[in-house]
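**Q** got a structure for you, letters missing:
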C-alpha cells in the first residue's frame, strides 16, 4: 500500500499552499474554474472531479466511507477490509483504536487511487430509530467528537483527505432530503455541532460534507449561518465544503453561503453557475475562493503532484479489524459468570438464530464495504476449536426445531440482530419471530448465551430470562472469529455503550409526531438538550442499559480520587486497579453538572480514559477538563459562558454508576 505522505510537509505552512493555489487559479479561465466545482454524471467518471491536464490540475477521485473503503469511482473501487460498524468503534471508548480504524480505511482508500474519503459520520443519535445509527458514534457530542478527531487523524496520516459528515443535524433518514430541522440555538451549539467543531479544531479535517436536510429554514448546502458564519469564520476552517450527493437545491444561494463543490454531478454548479457569474449575481472572486480552498488542501496533503497508485491491501489489516471488533463488544449481562463459556467436557455447540449463519459485516447504503472475505459464526468456531467440536447451526425458522437442536448441545448461543441501512428508519423491535424464538429458547435452556448483532439499541422483552448477553454490533468481516474469541475467553470484552438502551419505546424523548418523523415538512427538536442519557437522567427513567455501561471478565477498583482546580479548568487523578485474575480494560468516565440555574442536563460526559491492566496491576490516571467542560452556550451573548457557583464533578464507570463526586467553585 502506497503512503503518499503523513499529513502535510512541516516545511510549508497553510499560507504557502494558499499562495500556490492562488497562482494556479490566476491561470484559469472562468469556464475552467466552473469545471472544477462539480462532478459528472458519466458512469466512467462518476465520483471523480475531472482535473485539467493542461494546467496540471489533478483529478479528485473520492470514495465512501465510515466503515472502510466503500463505493468509489470506476477504477478506484475494490474489495476491502470490512471494519466493524462505527457504532462499535465508539463503544471502544478508545481514541487509539479510532486512530487505527482511520489508518486502515485511509490506507486502503488511498491504495485504490482515491484522495478523499467520505468519513467519519458524526451525527448524533438523537433517536434510536435512525437508519444510520450504526454509522455514527452514538448519542454524546463529547465522546463522538473525540472518537471522530482520532479517526480523522488516522485517515489523514496516510496522506488522504477525510470528509466529516453530515453537517448538520442530519438525525433521521425519513424525509432527509427535504425535512426542516427546527432547533434552538443552544441545543444546536451544545448537542449537534460540537463533534463537528472537534473534528475541525482537533482532527484538523480536510473537508466537510453539507447534509441533505434544512436547519431552521435553509438547506445545509446553502446555510449561511452553518457554513460561513460558524464553520469558516468562527471555527476558522480552511478546508473545503462538499455537498452530500444530490443535496444541492440552488445555484446562487449555495455559491454565496459556503458550498465549495457540488457532488456527484453539476446540476447547479456548472452552466447555471457560469451564467450567475456572467450576470454578476456571483463574483469571480467568490469562485476563486472555493477553488483556492480545495486546491491548497490537496497541496497540503501532497495530492497535487503525486498520483496514488493501486496497491494490495496489507494482510495485517484483517487482524486489526478483528481486534477492533473485539474491543467494541459490550458485555451487557453475565449472571453467575456464564461467560466466558467453559469448554471443559464440552463436545458440542448449537448456534441458533437468523444471525448465526452468515457474517454480519456491516449496515447497508453508501457505507457498505464489499469484504475481502467473510468469517461466518460456524467458521469462526471451527477456527477456534479445530475439528474437536461438534457445531450445530440453525436459523431458528421453526422454534420447535430450534428447541430440539438446543437441547442436544452442551452450549447454546442464540444470535439475534437487525439490518439497518441508509435511506430508511426502522423499529427498535427485533420483531415477533426473533422475540418468540428468544423467549422459548431462554425458558427451555436457561444457560443460553445471547449475542446481539445490531446497529444500535433494541428492545428485549425476554431480558429477565436471559443470563448472558453480548452486544457485538455489526462485527465486520471477522464476525465469526471475533465473536467466538470473546465468548470463549480468548479476548476480554471491554466495550461501553455509546448509546442508551431503553426498556420500551415510550421511554425515549420522542413524544409527538412533531418531534419525529415531523409534521408539515418540519421536525421540531422540542426535547432540546435532553437527548440520550440526558433525557433519562432528567426524567429519572431507568434505562434497560445506561450510557457508558459495560461489564468485563475481570473486576476493577477506582480509588484515591483527587481533584484540583487549574487555570484551564480542573484535573482529576485516580488509581485504577485490576482486582481480578485476568487482563482487561476499564473506562474511567468523568461527568460534569452545572448549577441548577443554568437549566442544563443533570450531568454531561466531559472526560474519559481507557485503561488496560494485567491481573492485579494498577495505574494512576489523570483526566484533564478544560474550560469548555464547565461552559454552556449563553443565547444572550451568543457564546460560551462559565457559570458562577458550584460545579459538580463525578467519576464512575458508567453514567449510572458514579463512585465519587465533589464540588468545584467556579
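**A** Received the coordinates, thanks. From a predicted model like this one, the values you see are computed outputs, not experimental measurements.

**Q** for the rest of this, base every contact and every neighbour count on C-alpha atoms.
**A** Fine.

**Q** which residues touch residue 466?
**A** 333, 442, 446-450 (C-alpha atoms under 8 Å, 6 or more residues apart in numbering).

**Q** how does it look with 7 Å?
**A** Residues near residue 466 by C-alpha atoms under 7 Å, 6 or more residues apart in numbering: residue 442.

**Q** just the pLDDT for it.
**A** Predicted confidence (pLDDT) for residue 466: 98.

**Q** for residue 5, same thing?
**A** At residue 5, pLDDT is 34.

**Q** same question for the one 5 residues further on.
**A** At residue 10, the predicted lDDT confidence score is 50.

**Q** same deal with the one 3 residues further on?
**A** Model confidence at residue 13, given as pLDDT, is 87.

**Q** how close does it sit to residue 288?
**A** Applying C-alpha to C-alpha, to the nearest Å, the value for residue 13 to residue 288 is 20 Å.

**Q** same thing with residue 606?
**A** Taken as C-alpha to C-alpha, the span from residue 606 to residue 288 is 40 Å.

**Q** so for residue 13 and residue 288, which sits in the more crowded spot?
**A** residue 288 (19 against 11; other C-alpha atoms under 10 Å).

**Q** report the contact partners of the more buried one.
**A** Here residue 288 is in contact with residue 25 (C-alpha under 7 Å, 6+ apart).

**Q** all further residue positions should be reported with the first residue as 13.
**A** Let's use 13 as the start, then, which means that last one is residue 300.

**Q** now the helix or strand where it lies: average pLDDT?
**A** Secondary-structure element containing residue 300, defined by DSSP states H and E: helix 296-312. Mean per-residue pLDDT for helix 296-312: 98.

**Q** count residues in the vicinity of residue 150, would you?
**A** Neighbour tally, residue 150, other C-alpha under 10 Å: 30.

**Q** where does the chain dip in pLDDT?
**A** 13-23 (pLDDT under 70).

**Q** break it into its domains for me.
**A** Domain assignment for the chain by automatic domain parsing gives 26-312, 328-511, 566-677.

**Q** rewinding a little: so which bits of the helix holding residue 300 are buried?
**A** By neighbour count on 16 or more other C-alpha atoms under 10 Å, the buried set for helix 296-312 is 296, 299-312.

**Q** which of the domains of the chain is buried the deepest?
**A** domain 26-312 (a mean of 23; mean count of other C-alpha atoms under 10 Å).

**Q** what about the helices in the stretch 263-412 of the chain?
**A** Using DSSP state H, counting those that start in this stretch, the helices of the stretch 263-412 of the chain run over 264-268, 283-290, 296-312, 328-340, 389-397, 411-419.

**Q** closest one to residue 70 among those?
**A** helix 296-312 (9.3 Å; C-alpha to C-alpha).

**Q** just how off-centre is the closest one within its chain?
**A** Computed by C-alpha atoms, centre = their mean, to the nearest Å, the chain-centroid distance of helix 296-312 equals 29 Å.

**Q** give me the angle between that helix and helix 283-290.
**A** 120 degrees (axes from the mean of the first three to the mean of the last three C-alpha atoms, to 10 degrees).

**Q** other residues contacting stretch 324-336?
**A** 13, 93, 95-96, 109, 116, 120, 490, 494.

**Q** same question but for stretch 41-58, I mixed them up
**A** So stretch 41-58 is contacted by 59-61, 63, 85-86, 272-278, 281-282, 286 (C-alpha under 7 Å, 6+ apart).

**Q** show me what contacts residue 429?
**A** 367, 442, 464-466.

**Q** and if you look at residue 264?
**A** Residue 264 neighbours (C-alpha under 7 Å, 6+ apart): 288, 293-294.

**Q** now it: how far from residue 294?
**A** For residue 264, the distance to residue 294 - C-alpha to C-alpha - is 7 Å.

**Q** who touches both of these two?
**A** residue 288.

**Q** hmm, back to that, kindly reformat the domains of the chain as a markdown table containing distance to residue 546.
**A** Shown next, in a markdown table, are the domains of the chain (distance: least, C-alpha to C-alpha, whole Å):
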| stretch | distance to residue 546 |
| --- | --- |
| domain 26-312 | 9 |
| domain 328-511 | 11 |
| domain 566-677 | 5 |
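
**Q** okay, how far is it across stretch 307-327, tip to tip?
**A** End residues of stretch 307-327 are separated by 34 Å (C-alpha to C-alpha).

**Q** quick revisit: okay, the helices of the stretch 263-412 of the chain in CSV with distance to residue 153 next?
**A** Formatted as CSV, the helices of the stretch 263-412 of the chain follow (distance: least, C-alpha to C-alpha, whole Å):
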stretch, distance to residue 153
helix 264-268, 27
helix 283-290, 36
helix 296-312, 27
helix 328-340, 18
helix 389-397, 34
helix 411-419, 42
